[in-house]
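[1] The sequence and its predicted three-dimensional model are supplied below.
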Amino acid sequence: MTAPLQLAATTTLAAGTSTGEAFQFWILGTVAVIGALCTVFMKKAVHSALCLAGTMIILAVFYLANGAYFLGVVQIVVYTGAIMMLFLFVVMLVGVTAADSLKETIKGQRWLALVCGLGFGILLFAGIGNASLNEFNGLTQANSGGNVEGLATLIFTKYVFAFEITGALLITAAVGAMVLTHRERTERALTQREMAEKRVRDGKHLPPLPAPGVYARHNAVDIAGLLPDGTPSELTVSKMLRQRGQIRDVSAEALNDLKALEQRAEERLDRTEIEPATFKREASK
Amino acid sequence: MNPVNYLYLAALLFTIGATGVLIRRNAIVVFMCIELMLNACNLAFVAFSRMHGNLDGQIIAFFTMVVAAAEVVVGLAIIVSLFRSRHSASVDDASLMKL
Amino acid sequence: MENLIALLIAAPLLGAAVLLTGGRRLDAVGHWIGTILAAVSFVFGAILFADLLGKNAEDRTLIQHLWTWIPVEGFQADVTFRLDQLSMTFVLLITGVGSLIHLYSIGYMEHDERRRRFFGYLNLFLAAMLLLVLADNYLLLYVGWEGVGLASYLLIGFWQHKPSAATAAKKAFLVNRVGDMGLSIAIMLMFTTFGTFAFGPVLGSHEKPGLVEGASEATLTGIALMLLLAACGKSAQVPLQSWLGDAMEGPTPVSALIHAATMVTAGVYLIVRSANIFNLAPDAQLVVTVVGGVTLLFGAIVGCAKDDIKKALAGSTMSQIGYMVLAAGLGPIGYVFAIMHLVTHGFFKAGLFLGAGSVMHGMNDEVDMRKYGGLRKYMPVTFVTFGLGYLAIIGFPGLSGFFSKDKIIEAAFAKGGTEGWILGGVALLGAAITAFYMTRVMLMTFFGEKRWQPDAEGHEPHPHESPKSMTIPMIVLAFGSVFAGGFFSIGDRFLHWLEPVTGHSHGDSPVSALTVTLATMVVLVIGVAIAYAQYGRRPVPVVAPRGSLLTRAARRDLLQDDFNHVVLVRGGEHLTRSLVYVDHTLVDGVVNGTAASVGGLSGRMRKLQNGYARSYAVSMFGGAAILVAATLLMRAV
Amino acid sequence: MSFPLLTATAALPAIGAIATAAVPAARRTAAKWLALLVSLATLALAIIVLVRFDPDGARYQLTESHAWIADFGVRYELGVDGIGVALLALTALLIPFIILAGWHDADPLETGSKRWRPTQGFFALILAVEAMVIISFEATDVFLFYIFFEAMLIPMYFLIGGFGDRAHAGSDEKAAAQRSYAAVKFLLYNLVGGLIMLAAVIGLYVVAGNFSLQEIAEARANGSLDMATNTERWLFLGFFFAFAVKAPLWPLHTWLPNAMGEATAPVAVLITAVVDKVGTFAMLRFCLQLFPEASKWATPAILVLAVISIIYGALLAVGQRDIKRLVAYASISHFGFIIMGIFAMTSQGQSGATLYMVNHGISTAALMLVAGFLISRRGSRLIADYGGVQKVAPVLAGTFLIGGLATLSLPGLAPFVSEFLVLVGTFARYPVIGIIATFGIVLAALYTLVLYQRTMTGPVKPEVSAMPDLRARELLVVAPLVVLLIFLGVYPKPVTDIVNPAVKSTMSDVHKKDPKPEVEAAK
């Protein structure tokens, strides 16, 4: 056991709480609340996930402080370690960079949510305040044979059915997740020839897709190429990027830079008679 | 310090999580908020366990975690397949129940 | 001997069952089965009659208990038969005349392909009629009562392909049902008053009345009036007389048997049977006499105007039954004479109808008397038998009708007081009109020049005498019409026979019997003379003249049908039509309106379901908050 | 433990229903025979019940009792009294006829279609209804009764909505629309009634603490269970409303003409002769036993409604243009008589009402089934489309007439006995109502004879001139009913013997004695 754990252990074995724990609670509690608020209000899912992970770690510390050593460790290992990673994976699958708009679209939803949330919170506080919760027995006795052993005894005796059922639930969930995400191929894969014929039949775009307008930036493939009239063509960008809404256009600034560069080069070469065409995009902006 | 404060904290976190569920549209964030609510409950359970001096509360919290894990697995799978078919992770897009 | 009573009914019932379910196989012999079973019933009746004659007057009541019909707590109806002098009289009349008419029908219905079924219905009628007169309680009587109604319905509408026949049948049944309603209310009243409706306990005998003595006069009047309503329906008395004329749509033997001799007299039977009730309800008796008197004149007037021979006879039937009802309403003075007139009327009216049927048979089913004329040469047997019936009905001295009708007129005067004078006067007037219209029928049919013409298809009728099977019953009935009255009256045979059942008192007539008889003779001659002046001395026009207002009204059954049509039929149609509308719009409309408003409300509520999961989540969350609040509040309280 | 005879009578058709439904699509005829055999076997069981039932024995016999939902005091309790056993027998008796009459009603429209399954469904649903109706007659646990009282709506809904009368004036779509309207109306009316009853059932549990009819009735009788006057009245109304919808009583009747009009004739018979009887039966068994005081309190109002039903139903029957709707309105009139008899609170009235339930079942079945045969021949339900049928199909016309005469309660036929008992029983206590109700018999004659006259008599219409007479199967359906009508009209003692003791118990439940005859009372 690490030092903080031992500290927590000595304090929580008693019925009351130490000043140390109070100090810990107020500092970490504040952080946890901030983390929770950030989870809710961050625009990007990745940030939310990170904030949530932080909150969870703090909760793990609270578990330890409350004498739930096993849970504290499980919280860190399983929850923060495994589950939050799963979240991050999915966020990446769906698109890391996409930022949500926090603008509300359903009329009255935000107000109702806030009112309900506030009301519910006040009620919970009132409920807790009303309850007679002043007696703290502490876990000294319960943890006397070791917290993990104590839990194990309970799990495999009193709660054995629940335990078995949750096992079944996990397996079902795993299978379910596979079924949901797995796509069975129901017919023979088309040969290349058939695919070509199908394209012709469907009247789809036959020749290769046009290349993106590569404007030597850090990730140039997400910048659409420009059509002769200066409008960007979505066809030039990968489908996945299109779906994620991650197409960038070559910004007017960059074009202006380019234009300035060219102009300077012209000046240097004394070829000023050619005036480059203005980009429509710029004009429309 | 009175350990009841843990309960207040749990209540606060729960409420924040619930509000988040209500106002966020990104399914993944909604899911995170749900996790937050579950965690808040777990904290309450652990505090109760300490209050009563037995381990049943911790057992419940443990089961909650297991169930949450199962839920996350299925839920994320649903989000992924939803995204595949709709190219969006917004919960508002899945509104087929509308009139 | 009692066990024979059930067989009386069983024979024709068996016939009906066999003939109606037997199918086409029995077509060839069906009429004989029917006739023989009717005759068997008559034979049983005769045996029982002989048995009764061999007993003392007091012991002439046979009771046969078959089984308990409806046993319910506090309510018991048995299938029990009572054969006493009154029912015996009817049994002989019904089976006797019935058998003769069966025989007659063999010839009359010869060319009808549904003859087997006709005999089945006739047998059914006999069974029901016998049940009616043999029942020992009012409920069983009710079975027979409606049974004859059913048979009458089936027989009037026998030629169902004619819409007029089907309508007439329906009308007869419906009007009778109104009367039946009276009977059932009477039975209910009896049950609540006496706790039973069996003849024995309720009526007792005429010397020692049964439970009726304990009841209040108001109740008894109520019962009596309800019984009278029933009698009016069945016996075609005003105001329920309208069906009888239409009932002539049925085959003529049916008119003879059911609508002249037997069924229509059931009302008289009912009143006489319930004598002990009527005796204790003088108000009701007065109403009975009024109904009888009014019908007597009503029928007679209608009979004067009709050109249809059967309808003229139907009017006459109505009128003659009016006499009987009048007599029955007079109380013990008249009961016996009511029944006596009933029996003699059974003979001569059946004979007259059979004669009319015979005429129609020979005249291609023509019923309009204006197209007859001079038929005496072509059908002599019919002429003679019809003529004897005619003399009997007008009360020609020495013939049946003379004895019975004369007694009734006497009894009417003997009622005493103003009522007696009025009733007697009405009865006398009726006798005059009877003489008039019967002479008219006689003259138009058998005398004068022939007036028939070829019909639309050019077939000229060839009047001819009917076959033996038809003439024999006519002859037998003519025999009865001539001698029955005398036979009954000499030595007051009939009086002594019936008196133990009905009781009898002489009353004190303000006028002597001889005076009455003379007066009757005088009005008779006047009636015949007027008729002769009008129809015998002058040729009868083939097309009916317009006639006076009264004649025109009488042709339309004194407008009673029109009244019914306007008030009941039209009114009823409007009522049902508007009720159908109300049911559809109002009763259903309230429900549908509720449904529509709920639908509208939910249409609005539906907008709350915007399909966004987050909206639903808010409401869930709000609900949870409310639940927490409620829990806290409950704890706080 | 003895053989659970009552369970068996209900279980047999239930199992039969499942088995019939499971018959492969191509073996339609086998399914029909299976259904017929099951219904006959049920009839045999019902006859055994009838034989084993001792009229003078205990009130409820052949009882079975098992714990079911112990927490709420719900028990699986069966038992029959005389009234229940009579209706049980009626149900078991009518179902074979209904099946036989509907032999071809669910056949595929094109011959040779192999994948047609509804035939099996039709017969399975009929058997399912039979099972539920039978258990409703047997249940002595209020909750158990309620469940099946409601559950029978489901198969009935499908029978009405799924298998309509093929003789329809309008287009197929219009017919389908009207049919589903009728089915939904049937369902909604009865569901609303049922829901209100559910509230009353729960209320009863709150008051009494259990659902056992016998226990509650006993506790009410010996005074150990006291209900506040208002509580009792509300509970009574809750129960009565549901039964009045089912019965149906004016003004809750409008679902019946639609349902009977749109359903096939055998299903219409099932509705009016079998299912609706549960409503009137339940009035006798539950309303009177559980809430005697409230029943007496509500009697005047109910009697008035019943009389309105009688007259109103008859008048509307006169105004109908559709044969089946006419019979439906006639049934409404007859149900008025039954309800009047029940609430007249006299032995004669209640015996008569019970007898009426049995007789009405038989007479309506006879009339409606023959009407169904007639309609299937011509393909029209409109009275005006017929005329002169008597000439071409005399047997059909004859049986139709007998059915009609039974409907107008001709003496000598079974319904007369019951109708007269009801009238006499009512008259003894409420003379005015009795007399008004008597007008019903005139109106009954009117609508029956008008129907007969317009369809059967008169000149033969060209459309009916080739109409075949009754076939052997149809005669097999009608003949026994006619025989039964005559037999019970002449000798109703077998039924009254069973019914009388039960009525006596019911009368003592409501603490009512028959009024004494005036003459005796005066002494």
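    Cool, the structure landed. Numbers count the residues shown, from 1 in each chain, chains lettered A, B, ... in the order given.

[2] now residue 232, nearest residue through space, not along the chain?
    Using chain A here. Distances taken as CB to CB, 6 or more residues apart in numbering or on different chains put A:Ala224 closest to A:Pro232, at 3.5 Å, once the chain neighbours are dropped. Where C-beta positions appear, they are placed from N, C-alpha and C, glycine not excepted.

[3] if you could check chain D rather than the one you did, that'd help
    In this structure, D:Glu232 finds its nearest non-sequential neighbour in D:Ala294, 4.5 Å apart by CB to CB, 6+ apart.

[4] burial count for the residue of the stretch 51-200 of chain A found nearest chain D?
    Residue of the stretch 51-200 of chain A nearest chain D, by CB to the nearest CB: A:Phe161 (21.9 Å). If you count neighbours by other CB atoms under 10 Å in any protein chain shown, A:Phe161 ends up with 8.

[5] repeat for C:Leu297
    Other residues lying near C:Leu297 total 18 when counted by other CB under 10 Å.

[6] doesn't C:Gly430 make contact with it?
    Yes: assessed by CB atoms under 8 Å, C:Leu297 is found in contact with C:Gly430 at 6.0 Å.

[7] Which residues are in contact with each of these two?
    C:319, C:322 (CB atoms under 8 Å, 6 or more residues apart in numbering or on different chains).

[8] Where does pLDDT dip in chain D?
    Scanning chain D with the threshold set as pLDDT under 70 gives D:1, D:109-117, D:166-171, D:521-523.

[9] Quick check: can you list the domain ranges of it?
    Chain D is divided into the following domains under automatic domain parsing: D:1-290, D:293-514.

[10] ok so, going back, quick one: the residue nearest to A:Pro232 and chain D, what's the gap?
    A:Ala224 sits 54 Å away from chain D, going by CB to the nearest CB, to the nearest Å.

[11] Please give me every residue in contact with that residue.
    Shown in contact with A:Ala224 (CB under 8 Å, 6+ apart): A:212-213, A:232-234, A:236-237, A:247-250.

[12] What does the pLDDT read for it?
    Residue-level confidence at A:Ala224 comes out at 80, pLDDT.

[13] again, but for the one 3 residues further on
    What the model reports for A:Leu227 is a pLDDT of 78.

[14] do C:Thr262 as well
    With respect to pLDDT, C:Thr262 has a value of 87.

[15] Name the helix or strand for the residue nearest to it when sequence neighbours are not counted, please.
    Distances taken as CB to CB, 6+ apart put C:Ile94 closest to C:Thr262, at 5.2 Å, once the chain neighbours are dropped. Using DSSP states H and E, C:Ile94 sits in helix C:85-108.

[16] can you tell me the average pLDDT over that helix?
    Averaging pLDDT along helix C:85-108 yields 90.

[17] Assign a three-state SS to C:Leu326, would you?
    With DSSP: H, G, I helix; E, B strand; the rest coil as the basis, C:Leu326 sits in helix.

[18] who's in contact with the nearest residue to it once chain neighbours are set aside?
    Leaving aside its sequence neighbours, C:Leu326 sits nearest to C:Gly292 (CB to CB, 6+ apart; 3.1 Å). Residues near C:Gly292 by CB under 8 Å, 6+ apart: C:237, C:322-329.

[19] one more time with 7 Å
    Contact analysis of C:Gly292 by CB atoms under 7 Å, 6 or more residues apart in numbering or on different chains lists C:322-323, C:325-326, C:329.

[20] between the residues you listed, which has the most around it?
    Per-residue neighbour counts (other CB under 10 Å) across those peak at C:Tyr323, which has 33 neighbours.

[21] Show me how chain C divides into domains.
    Domain ranges of chain C: C:288-309+C:319-545, C:565-636, per the TED database.

[22] Would you pull up how far the last one lies from the middle of the chain?
    It refers to domain C:565-636. Here domain C:565-636 is found 56 Å from its chain centre; the criterion is CA atoms, centre = their mean, to the nearest Å.

[23] lowest average confidence, helix or strand, in chain B?
    Lowest mean confidence among the helices and strands of chain B (mean pLDDT, DSSP states H and E): helix B:56-86, at a mean of 88.

[24] any residue of it up close to chain A?
    Yes: Helix B:56-86 comes into contact with chain A (CB under 7 Å from any CB of the partner chain), by way of B:56, B:58-59, B:61-63, B:65-67, B:69-70, B:72-74, B:76-81, B:83.

[25] Give the buried residues for that helix.
    Residues B:56-66, B:68-83 are the ones in helix B:56-86 that count as buried (16 or more other CB atoms under 10 Å in any protein chain shown).

[26] tell me the SS of the nearest residue to C:Pro454 once chain neighbours are set aside?
    Take C:Pro454 and drop its neighbours on the chain: the residue closest to it by CB to CB, 6+ apart is C:Glu460, 4.3 Å away. When classified by three-state DSSP, C:Glu460 comes out as coil.

[27] One more: C:Gly623?
    Three-state call for C:Gly623 (three-state DSSP): helix.

[28] B:Phe48: what's it in contact with?
    By CB under 7 Å, 6+ apart, B:Phe48 lies in contact with B:Gly57.

[29] let's go with 10 Å and repeat that
    Contact analysis of B:Phe48 by CB atoms under 10 Å, 6 or more residues apart in numbering or on different chains lists A:66, A:133, B:3, B:6-7, B:10, B:54, B:56-58, B:60-61.

[30] Which residue is the nearest non-sequential neighbour of D:Glu463?
    D:Arg378 (6.3 Å).

[31] Could I get the full set of strands for the chain?
    Here I'm looking at chain A. Here chain A has its strands, by DSSP state E, at A:225-226, A:232-233.

[32] that's the wrong chain, I wanted chain D
    Using DSSP E, the strands of chain D run over residues D:61-69, D:74-80.

[33] out of these, which comes closest to D:Met260?
    strand D:74-80 (28.3 Å; CB to CB).

[34] one step back: what's the separation between the residue nearest to D:Glu463 and D:Val464?
    Using CB to CB, to the nearest Å, one gets 6 Å for the distance from D:Arg378 to D:Val464.

[35] who touches the closest residue to chain C within the stretch 1-150 of chain A in this structure?
    Per CB to the nearest CB, A:Phe120 is where the stretch 1-150 of chain A lies closest to chain C, at 4.3 Å. By CB under 10 Å, 6+ apart, the residues touching A:Phe120 are B:11, B:14-15, B:18-19, C:621-622, C:624-626, C:628-629.

[36] Most neighbours among those residues, which one is it?
    Of all these, the most densely surrounded is B:Ala18 (27 neighbours; neighbours counted as other CB under 10 Å).

[37] list the contacts for it?
    Neighbour list for B:Ala18: A:40, A:113, A:116-117, A:120-121, B:33-34, B:36-37, B:40, C:617-618, C:620-621, C:624-625 [criterion: CB under 10 Å, 6+ apart].
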